[in-house]
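> Give me coordinates for this.
(2 chains)
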There are 2 protein chains.
Amino acid sequence: MLGLMQDWQLLCHRIIDHAALNHAERPVISRSIEGPMHTTNYAEVRARALRVAQRLDRDGIKLGDRVATLAWNSWRHLEAWYGIMGIGAVYHTVNPRLFPDQIAWIVNHAEDRVMMLDTSFVPLAEKLADKLKPIERYVVLTDAAHMPATALKNAVPYEAWIAEVDGDFAWKSFDENTAAGMCYTSGTTGNPKGVVYSHRSNVLHTMLSLQPDAIGISSRDTIMPIVPMFHANSWGLAFSAPMAGAALVMPGAKLDGASVYELLNDYKVTCTGAVPTVWLLLLQQLEKTGDKLPYLKRVVIGGSACPRAMIKTFEENYGVQVFHAWGMTEMSPLGTVGSIKPQLAELKGDALLDVKQKQGYTPFGIEMKITDDNDSALPWDGKTFGRIKVRGFAVARAYYKADEPILDGEGFFDTGDVGTMDRYGYMQITDRSKDVIKSGGEWISSIDLENLAVGHPKVAEAAVIGVRHPKWDERPLLVIVLKKGESASKAEMLGYLDGKVAKWWIPDDVAFVDEIPHTATGKIQKTALRARFKNYVLPAAGE
Amino acid sequence: MLGLMQDWQLLCHRIIDHAALNHAERPVISRSIEGPMHTTNYAEVRARALRVAQRLDRDGIKLGDRVATLAWNSWRHLEAWYGIMGIGAVYHTVNPRLFPDQIAWIVNHAEDRVMMLDTSFVPLAEKLADKLKPIERYVVLTDAAHMPATALKNAVPYEAWIAEVDGDFAWKSFDENTAAGMCYTSGTTGNPKGVVYSHRSNVLHTMLSLQPDAIGISSRDTIMPIVPMFHANSWGLAFSAPMAGAALVMPGAKLDGASVYELLNDYKVTCTGAVPTVWLLLLQQLEKTGDKLPYLKRVVIGGSACPRAMIKTFEENYGVQVFHAWGMTEMSPLGTVGSIKPQLAELKGDALLDVKQKQGYTPFGIEMKITDDNDSALPWDGKTFGRIKVRGFAVARAYYKADEPILDGEGFFDTGDVGTMDRYGYMQITDRSKDVIKSGGEWISSIDLENLAVGHPKVAEAAVIGVRHPKWDERPLLVIVLKKGESASKAEMLGYLDGKVAKWWIPDDVAFVDEIPHTATGKIQKTALRARFKNYVLPAAGE
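Numbers count the residues shown, from 1 in each chain, chains lettered A, B, ... in the order given. Model (predicted):
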């Protein structure tokens, strides 16, 4: 027996329809790539998104065709996004921070037919143009006056391009499982992997994020997604703000402390999201100027673990609530958000910070478990750590054009992260599963050891990797870059860790190096480090 | 091209799974039918719901079978609800306030195989037992100690019944479009009509209601659904509280002012929902005792229009925010909620009350339009009123075992209500479409005229109905019951309306009567009134 309710499909353009009808005048304010501020609203964004849809349709872009965007967060990028989805085409938000060869690779892999890009990325596209074979047309997100001279194929300024149609157009009809967007993950090894969002998964993820204990945006909020649309859908904010009817502030390309502060203050932003690096720049700026954050109520911090001091500074010095969040491209991206459960509502000071430093718990729509290597569930005791696996309506089941199954027997996706769960359901990342050190069947967190080691006054940077061991399979090696002019013994380094971790976690050896290799985004490149120490022989004493 | 996201079905038992895992210890507190308070939590509710599922399964209840409940809000009713849904059976929450013949009719129409009922409804069931043909077993929601002696077929106390299984059971698997529940609407004419909710529509409706501008429940809330589960799913609160991880207070059968106040205060309820009658009793009680409402933050009021004075009293005397809401069984039931948009955030006093008196606006997932009789959309100007039509993922597309289409060409459901929409999207009910008076193609609101007429100091009750008119099709007749001992002329009554409404709205005549007929739920029975005045001849002066 089936229900007798309406078959109202979960389609992304219904979000902008809802905003345009119910929150028509709510502003969408952007810092343009050209510099000046620009203000529009949801009714206009929808009207112009319809022109984008109509214009793409006239160019022969069809259901399922991919359209790349190479752009910062702005109203034009937002219009393009909804316009692309509204005819059943697929937005492919390309991360301009990828290595140029990776950009070329993913554009070819996705077979993007059109690329919509900021003026500032025209030189990059020109450099790559020969390799971007499937692109039939470049639409530069600007007007004729600001259009750079370019030989890019069929290049046209966005404003002139959408002015060629009248906007008398209706969204296309299709099933909610139709692809809506693509985003590639940039692994440290191998080729990037394409995640393909559906209309259904995007709409459900947006509804998930509106839960009061997730991001919980209301119509009275003003949201600034600093996290770019090319970074896992700007954590969904470019969907959730219009669904809630919140005002939207799009920061464009300038993410330095002074620029971010200016927008937060001028437009009375109440809630924003970005990676810790952005907040570090902002907090340094505030310390310098003595400015406060009177309007800002909540910051969502994710992308990498938020330092304890940062949470403390935001909350105690600026009265801004910090929500630590965790997720990934494969999760649309929200996995956990660190709101405070009622059992913990009375906590203060360090005890509260202990909770806030965890990555949070899952809203409805995400199931999470931690398992050992044999896929056995581990206890939620706040200590045992295991592979973090997730299942849900906005979690990937496969990568684009890839056959390998990525789900376990119960349909869970292995996130590649390793962490603990406590009795309240709060998850805390302890490591990446490929970096964790497996010693005699037990796991040692490389990140925990690194965080401890950098606490030594002589240490500039530390990395811990597993090295083959005849008896224990792997044992930790501590790799250290000393501060300029310092010298230290191995015993001194290991002695510093003594008493701070379990005895069997103490590394078997220390290697002093001049430099630790990093990825393009500044993370320690463990693969390179492991290659370098592949044949390292640990001292016998470690056994 | 399809998305590559997981096929995570929207199933109602996933709500209680989520609550049991992430909010295991949050209390579910009930006033039992026997009297004493009872406390459990979400982990236990789920464990016992699994026993219900297992026990129903053992009784041969299968996918699609209907199970009736005749019960007040309690933990056992909640367990039964999730247990029934968890095997793909269909809960049918029977409204015990229906006329006994209607109850028999709907149980037969739904073909309920089992009935789960409170001890207090055993006499009612016994009286009807001969007519309740499809019922194979009665499960009385109590334990052996409180089990009344009864000859009801296969009657068994709930606690003994679920103790016969071990709870080692898994929810069944099925499609999200599977029927989850049924609720019959009790029209003033004709037989009740069955609305059939799906798992998908219930889950989506719950996510809709968690939007911060809808009901916006967080894990830190304590929710008391006074509105019964048999009244349109307790407005979704018995789903949304566990999805959010909020504590739940189930008030059982006692809904008088003192009992409601006791629960609000003893269990620090932060948010509750009920019809205006309940609030009238509570406010009278508070006035008598001088008690305050220190914990309560929000009340959701719906079911019928909330009087302005009630909103004012809650907000000004008790500091409780009122959210006026509107919906119906066919909408799962939420249609609009009256949260304040940012453009109106500065309003105070009467201007704010003007907005709060409206029924609110639609959250994402509901589309609304107002139309004339030709299905042409009418403007959102706050004055023009038309038929209110809705479309959405939790709106009915058909009634159970009924062939007549109930959607218009665009897939909208005609709610039978008539109202205005203002430029901000706030809807205000002006009438029921069958009661509105159609005079020369223009509409006159019977409710507006009634509300004005009862303002006359001599009037006890007033009703306005349309009466046939040779030129204008219909013209309004004002039917009046005077207060005891009063006398008045027709001219005096009509003169009182003069200047308060448009000239052409002034009724053509006044009929003084001793009594106005009412329905079982206290509403004016316009059908009876229209029948009585069917051949009424209006004076010629009205032309």
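
> Where does the stretch 101-250 of chain A get nearest to chain B, residue-wise?
Relative to chain B, the nearest point of the stretch 101-250 of chain A is residue A:198 (2.4 Å; CB to the nearest CB). To be clear about C-beta, it is placed using only N, CA and C from the backbone, and glycine gets the same treatment.

> bridging residues for that residue?
residue A:179 (DSSP bridges).

> check contacts around the closest residue to residue A:150 other than its chain neighbours.
Of all residues beyond its chain neighbours, the one nearest residue A:150 is residue A:122 (5.4 Å), with distances taken as CB to CB, 6 or more residues apart in numbering or on different chains. Counting by CB atoms under 8 Å, 6 or more residues apart in numbering or on different chains, residue A:122 touches A:140, A:148, A:150, A:152.

> Can you add neighbour count and pLDDT and give those residues back as TSV?
Putting the contacts of residue A:122 into TSV (neighbours: other CB atoms under 10 Å in any protein chain shown; pLDDT from 0 to 100) gives the following:
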residue	neighbour count	pLDDT
A:140	29	98
A:148	14	97
A:150	15	97
A:152	19	98
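
> Format the residues you listed as CSV; extra columns: secondary structure.
Output for those, formatted as CSV (DSSP: H, G, I helix; E, B strand; the rest coil):
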residue, secondary structure
A:140, strand
A:148, coil
A:150, coil
A:152, coil
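
> Can you pick out the most distant pair from those residues?
Across these, the longest distance by CB to CB is 9.4 Å; it joins A:148 and A:152.

> does the longest helix along chain A come close to chain B?
Longest helix of chain A, by residue count under DSSP state H: helix A:42-58. No - with CB under 8 Å from any CB of the partner chain as the criterion, chain B is not reached by helix A:42-58; the gap is at least 11.8 Å.

> Now look at the one helix or strand residue A:326 maps to and say if it contacts chain B.
Taking DSSP states H and E as the criterion, residue A:326 maps to strand A:321-327. No - judged by CB under 8 Å from any CB, strand A:321-327 stays clear of chain B, getting no closer than 12.7 Å.

> coming back round to it: pretty sure the residue of the stretch 101-250 of chain A closest to chain B is touching residue A:204, no?
No - assessed by CB atoms under 8 Å, residue A:198 is found out of contact with residue A:204, at 9.2 Å.

> where along the stretch 1-150 of chain A do the helices fall?
Along the stretch 1-150 of chain A, counting by DSSP state H, counting those that start in this stretch, helices occupy A:13-22, A:42-58, A:75-86, A:100-110, A:122-128.

> With just CA atoms, put the last one into PDB.
Listed in PDB are the C-alpha atoms of helix A:122-128, where the atom choice follows Å, rounded to 0.1, in the frame of the first residue of the first chain:
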ATOM      1  CA  VAL A 122      41.100  34.100 -17.700                       C
ATOM      2  CA  PRO A 123      44.900  33.900 -17.800                       C
ATOM      3  CA  LEU A 124      44.800  30.500 -16.100                       C
ATOM      4  CA  ALA A 125      42.200  29.200 -18.600                       C
ATOM      5  CA  GLU A 126      44.300  30.700 -21.500                       C
ATOM      6  CA  LYS A 127      47.300  28.800 -20.300                       C
ATOM      7  CA  LEU A 128      45.300  25.600 -20.200                       C
END
